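A.B. asks: no FASTA, just this:
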């Protein structure tokens, strides 16, 4: 899915998430019956941000992480049959934005009714802090288009 780790290490007071690899290993070895509800990805948001916004999600479970990770993105995008939104930070540290956005073109007929774009200056996690700036207007327009 355009995954490209950049190996430049810069000083960062809030590093990328911490992963509990054992939770994923136990889940896989049990055939998905163990530890699916355990928190396995802990985001390193600044404490001030978490205190200021109680809606921020500080961690996700194994099940949520798996649900958010496409297992076959080319086929999954090609099979989309309804409009979708796809956003990525222009400064994402894990994915190459252009490669991720290119998957949208596989969506065929629904592509023209979908929203695809970058959030300027946002990184892999900070995109979540600013996502509402572009997601909210798009969702509102989709809801308003469905009204009789």
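C.D. replies: Now that the structure is in, tell me what you want to look at. Predicted model only: the values in this text are computed from it and were never measured.

A.B. asks: Okay, helices next: where are they in this protein?
C.D. replies: Under the criterion DSSP state H, the chain contains helices at 21-29, 47-52, 62-67, 73-78, 97-102, 126-130, 132-146.

A.B. asks: and those helices as CSV, adding mean neighbour count, distance to residue 111 and mean pLDDT?
C.D. replies: Any C-beta I mention is one placed from the backbone N, CA and C, and that applies to glycine too. Listed next are the helices of the chain as CSV, based on neighbours: other C-beta atoms under 10 Å; distance: least, C-beta to C-beta, whole Å; pLDDT from 0 to 100:
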stretch, mean neighbour count, distance to residue 111, mean pLDDT
helix 21-29, 15, 33, 95
helix 47-52, 10, 34, 85
helix 62-67, 16, 23, 92
helix 73-78, 14, 9, 90
helix 97-102, 16, 11, 93
helix 126-130, 17, 21, 80
helix 132-146, 12, 14, 86
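
A.B. asks: Quick one: those helices as a markdown table, columns for distance to residue 110 too.
C.D. replies: Output for those, formatted as a markdown table (distance: least, C-beta to C-beta, whole Å):
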| stretch | distance to residue 110 |
| --- | --- |
| helix 21-29 | 32 |
| helix 47-52 | 34 |
| helix 62-67 | 21 |
| helix 73-78 | 10 |
| helix 97-102 | 15 |
| helix 126-130 | 23 |
| helix 132-146 | 12 |
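
A.B. asks: Go through the ones you listed and name the closest to residue 85.
C.D. replies: Shortest separation from residue 85 across the helices of the chain is recorded for helix 132-146, at 5.5 Å, computed as C-beta to C-beta.

A.B. asks: what's in contact with that closest one?
C.D. replies: Where contact means C-beta atoms under 8 Å, 6 or more residues apart in numbering, the residues beyond helix 132-146 that reach it are 83, 85, 87, 115, 117, 119.

A.B. asks: With that, I have no additional questions.
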